[in-house]
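Engineer: The following comprises the amino acid sequence and a computationally predicted model.
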There are 2 protein chains.
Amino acid sequence: MSSARTVALSIPDTRADILLAALAILDEEGHSSLTVRRVAARAGCSTIGVYTWFGGKDGLVDAILLDGFRRFADALARARPRKSPLGALLGQAVAYRRWALDNRMSYEVMFMGAVPGHVASNEVQVVGLIAYELLRGEVVAAQSRNLIDERDADTVAMAMWGLVHGLVSLEIASAEPQGLATRKSFHQRSFEVALTALEQGLTKAPRHR
Amino acid sequence: MSSARTVALSIPDTRADILLAALAILDEEGHSSLTVRRVAARAGCSTIGVYTWFGGKDGLVDAILLDGFRRFADALARARPRKSPLGALLGQAVAYRRWALDNRMSYEVMFMGAVPGHVASNEVQVVGLIAYELLRGEVVAAQSRNLIDERDADTVAMAMWGLVHGLVSLEIASAEPQGLATRKSFHQRSFEVALTALEQGLTKAPRHR
DNA sequence: TGAGTGGCATAACGGCGTTACGTCTATAAC
DNA sequence: GTTATAGACGTAACGCCGTTATGCCACTCA
């Protein structure tokens, strides 16, 4: 059960075991099963291990969030190469939704407060801001080419983030209870229509009055 | 501590006491303090009372949700009298945000999954749909006057709901941790800009290509 | 060789949702 | 008026949670 780092020889790394166990439990059983006792049991140690290496459940969740935000930012950064700034903006939004749907449990912990009492550490907040800066950067690029009809980049970025986050949250939340409107295409179509409309509304050129 | 109904004389109503206590705790201390033990203590009974009258914590939360969705739908319905269907759509969005900010704790329980393990009952889901139908109704009205350039009402309603829900969620979530961008006007401005842009993008008349 | 330290298990604490059990009260039946 | 029945609910417990006091053991270093 002990994973290992190749330092000089095979050295048991309890910290990595615990984090891996936590990620596996989160992925396989959901956030409600993410308890110190279960993680420790899966990692093959007692609950004390979590306190030795992470300071407690908060620290463990922080580590999970750090991992999640890094993977998330990577996914957004990889969606970059597009022809136009406006295309990059749309591409990021699509990548955002894709990642959230492919990493539901992580997304719920990162953006939907799935772990009850948790407040993210400063480090987590800083890493989390990287993804926002990627979005903001594309907004600034579009503004500098005079494509967007609004001067404050944060306002535009927040508008886009709000739309994407809202639609994705509703999609993830409705995935379980209803079987009615869960037909794959509905949420995707809403997403595309809403995003196109928002972008059109923010676009400078073809506007009247 | 016993509230009363005027039936014939003053009859102690444990059920109402419990629900009132729960709403008070939710409002004053937040959802993390919403425990069966605390509610019972505040209502002046033992934990059994919650099980007698609500079947358990789930039933109590359902009752809270029912109350919340009714007040929420009332607030949206009261935002109706506008000149144009498009104005009514915007008015509902503003009323949505206003109610959420004025009833944060309720909103977090209703739309942000603040009570950890809870899954809403069918009755709650039905009442919750009333608010959605109000939104959908305005969308249909706007479509029937040929003001919106998209045929499926659910798609448009989901777009608007997603945007409003996303922005409001982010605003509520960022209210606590950051002190940076919490200046009142930023979120409000983002909300207005985003909403106007989305509406403009969905609007039929002044569109090119 | 001895002291000191870091990693960790055991067992406990208080708080959580929930429930088995018993009691008490109010109504219904005779 | 007495008895039976049922509903309301207090007590105390169960198993789960996050957390921690205590102590053991292996290791390093003087």
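Structural biologist: Structure's in. What do you need?

Engineer: A:Val193: which element?
Structural biologist: helix A:184-202 (DSSP states H and E).

Engineer: Work out the gap between that helix and the centre of the chain.
Structural biologist: Centre-to-centre, helix A:184-202 and its host chain are 20 Å apart (C-alpha atoms, centre = their mean, to the nearest Å).

Engineer: Repeat that for stretch A:40-47.
Structural biologist: For stretch A:40-47 - counting by C-alpha atoms, centre = their mean - the centre lies 27 Å from the chain centre.

Engineer: what is the mean pLDDT for it?
Structural biologist: Mean pLDDT, computed over stretch A:40-47, is 98.

Engineer: From one end of it to the other, what's the distance?
Structural biologist: Terminal residues of stretch A:40-47 are spaced 5 Å apart (C-alpha to C-alpha, to the nearest Å).

Engineer: on that earlier part again, so the helix holding A:Val193 versus helix B:184-202, what angle?
Structural biologist: 110 degrees (axes from the mean of the first three to the mean of the last three C-alpha atoms, to 10 degrees).

Engineer: and helix A:184-202, does that touch chain B?
Structural biologist: Yes. Interface with chain B: helix A:184-202 contributes A:186-187, A:189-191, A:193-194, A:196-202 (C-beta under 8 Å from any C-beta of the partner chain). Using the backbone N, CA and C atoms, a C-beta is placed for each residue, glycine as well.

Engineer: Now, of the residues you listed, which are buried?
Structural biologist: Buried subset of the residues of helix A:184-202 next to chain B (neighbour count, 16 or more other C-beta atoms under 10 Å in any protein chain shown): A:186-187, A:189-191, A:193-194, A:197-202.

Engineer: what's the neighbour count on the residue in chain A positioned nearest to DNA strand C?
Structural biologist: DNA strand C sits closest to A:Ser46 of chain A, with a gap of 2.8 Å, by C-beta to the nearest atom of the strand. Close neighbours of A:Ser46, defined as other C-beta atoms under 10 Å in any protein chain shown, add up to 13.

Engineer: Who are the contact partners of it?
Structural biologist: A:Ser46 makes contacts with A:Ala40, as judged by C-beta atoms under 8 Å, 6 or more residues apart in numbering or on different chains.

Engineer: let's go with 10 Å and repeat that
Structural biologist: Residues in contact with A:Ser46 (C-beta atoms under 10 Å, 6 or more residues apart in numbering or on different chains) are A:36-37, A:40, A:52.

Engineer: Please apply the same query to A:Leu34.
Structural biologist: Contacts for A:Leu34 were tallied using C-beta under 10 Å, 6+ apart; they are A:22-23, A:25-26, A:57, A:60-61, A:64, A:105, A:109, A:114-115.

Engineer: Backbone torsions only: list them for A:Ile148.
Structural biologist: The phi and psi torsions at A:Ile148 (degrees, to the nearest 10) take the values phi -120, psi 140.

Engineer: Quick check: the gap between it and A:Phe191.
Structural biologist: Between A:Ile148 and A:Phe191 the computed distance is 20 Å (C-beta to C-beta, to the nearest Å).

Engineer: Kindly report the same for A:Leu76.
Structural biologist: 16 Å.

Engineer: How about A:Gln92?
Structural biologist: 13 Å.

Engineer: Check which residues of stretch A:45-64 are buried.
Structural biologist: Buried residues in stretch A:45-64, counted by 16+ other C-beta under 10 Å: A:45, A:47, A:49-50, A:53-54, A:57, A:60-64.

Engineer: tell me which of the residues you listed is nearest to B:Ile172?
Structural biologist: A:Val61 (20.4 Å; C-beta to C-beta).

Engineer: ok, is the helix or strand that closest one falls within in contact with chain B or not?
Structural biologist: Per DSSP H and E, A:Val61 falls inside helix A:57-78. No. With C-beta under 10 Å from any C-beta of the partner chain as the measure, helix A:57-78 is seen stopping short of chain B, the closest distance being 12.9 Å.
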